[in-house]
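> From the sequence below, what's the structure:
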Amino acid sequence: MQAFADRIDDAVRRKESAIVVGMDPNPALFPPDAAAGGAEPEALAEAFERFSAGILEAVAEAVIAVKFQSAFYERLGAAGAAALARSLRHAQRLGLVTILDAKRADIGSTAEAYAEAQLGDLPGTPGPATDAVTVNPYLGEDGILPFVRQAAPRGKGLFVLVKTSNPSGPQLQDLLSGGRPLYLYAAALVRKLGAELPGACGLTGVGAVAGATYPGVLRELRDAMPETLFLLPGVGAQGGKVEDLAPAFLPGRRGALITASRSIIYAHRDRPGMSWKDAARSEAQALRDLFRQRLDA
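So this is what the prediction gives:
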């Protein structure tokens, strides 16, 4: 079974793209012909699935992966869970790597249960159709290891929050201990655990979330995690720019993934007269082309 890091590396090389589309379905932003037929969870879940399918089919040529935001589906209960599972499967049929943005964490048997639900093979959970999941490191190593153990035999991966894109992240992540910010301690933990999920390409399957909205720390993070796959959220609506992300990448435009959510899936709001699918395709292609142009191979 191919290691997760190798699957990502192969996809980046094959498509000459490092773009990940974020699926954050908000019915208030849907175009009229994708709107829900009611406010009931079942109607909303059906609209989520229809919208997701349209976006993914439009952008599949330009992106290598899709990051589903679990919270939007969870709030719809069983209907949302079913829609998420079907959408994950649809993404895989399109040849896309699937990432579940759930930011799970706990310890002991609870962490093991979370890990099995997110990365295992239990029917009715996201695990069978999720290639990777985001994990919160605040509980330490024993909150992450269960995810590593579930990922290892299945060729899956995880992305640990190291330096997030939100404005208040520095309140904790930048706190100093021994003269070093907390995010560098998280980075050291990620590098250590990465040895458990090695890839033949030289990258590991324990990745790091590093916000594109803080480009000034990307060189520092890359130096701290030379074998780590970076997931870079925050491009587009949050203000991150592709041209600022070069320090996160390894030679050959490898080792990092650029995530854009609202700027792709709701691109129709800034493109009057263009269909929502065509607008999403155009934005995804533009980001891919910017990646190719602004990051030296």
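
> Every contact and neighbour count from this point should use C-alpha atoms.
OK.

> Identify the residues contacting stretch 17-37?
11-12, 43-44, 46-48, 50-52, 62-69, 72, 256-262, 264-266, 268, 276, 284, 287-288, 291-292 (CA atoms under 8 Å, 6 or more residues apart in numbering).

> For the protein, which residues score under the pLDDT cut-off?
236-237, 296-297 (pLDDT under 70).

> Which residue ranges of it form helices?
Using DSSP state H, the helices of the chain run over 4-15, 41-59, 70-74, 77-93, 108-119, 145-151, 170-173, 182-194, 218-224, 262-265, 276-294.

> rewinding a little: and the contacts of stretch 17-37, which are buried?
11-12, 43-44, 46-48, 50-52, 62-69, 72, 256-262, 264-266, 268, 276, 284, 287-288, 291 (16 or more other CA atoms under 10 Å).

> wait, R288 sits on A62?
Yes - under the criterion of CA atoms under 8 Å, R288 makes contact with A62 at 6.3 Å.

> wait, what's in contact with the residue positioned nearest the centre of the chain?
Compute the mean C-alpha point of the chain, and by CA atoms, centre = their mean the closest residue is K67, 4.1 Å away. The contact partners of K67, by CA under 8 Å, 6+ apart, come to 20-23, 98-101.

> Identify the bridge partners of it.
Judged by DSSP bridges, the bridge partners of K67 are G22, I99.

> For the remainder of this discussion, apply numbering that starts at 27.
Noted, 27 is the first residue going forward, which turns the last one into K93.

> Would you mind measuring from it to D50?
Distance, K93 to D50, using CA to CA, to the nearest Å: 9 Å.

> Dump the helices of the chain into a markdown table; add distance to D59 as well.
Shown next, in a markdown table, are the helices of the chain (distance: least, CA to CA, whole Å):
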| stretch | distance to D59 |
| --- | --- |
| helix 30-41 | 31 |
| helix 67-85 | 9 |
| helix 96-100 | 20 |
| helix 103-119 | 19 |
| helix 134-145 | 32 |
| helix 171-177 | 39 |
| helix 196-199 | 40 |
| helix 208-220 | 43 |
| helix 244-250 | 40 |
| helix 288-291 | 14 |
| helix 302-320 | 9 |
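
> what about C227, neighbour count?
16 (other CA atoms under 10 Å).

> Which residue, other than its chain neighbours, is closest to it?
Once flanking residues are discounted, C227 sits nearest to D32: 5.8 Å by CA to CA, 6 or more residues apart in numbering.

> Pretty sure that neighbour sits against G183.
No - with contact defined as CA under 8 Å, D32 does not reach G183; the gap is 10.7 Å.

> These two: which has the busier surroundings?
A direct count of neighbours by other CA under 10 Å for D32 and G183 places G183 higher, at 27 against 19.

> so what's that one up against?
Per CA under 8 Å, 6+ apart, neighbours of G183: 30-31, 157-159, 174, 177, 223, 231-233.

> R248 now?
With CA under 8 Å, 6+ apart, R248 has these contacts: 254, 273-275.

> As TSV, the residues you listed with neighbour count and distance to E167 would be great.
Listed next are the contacts of R248 as TSV, based on neighbours: other CA atoms under 10 Å; distance: CA to CA, whole Å:
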residue	neighbour count	distance to E167
T254	28	17
P273	18	27
A274	28	24
F275	21	26
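
> Perfect, that will be all.
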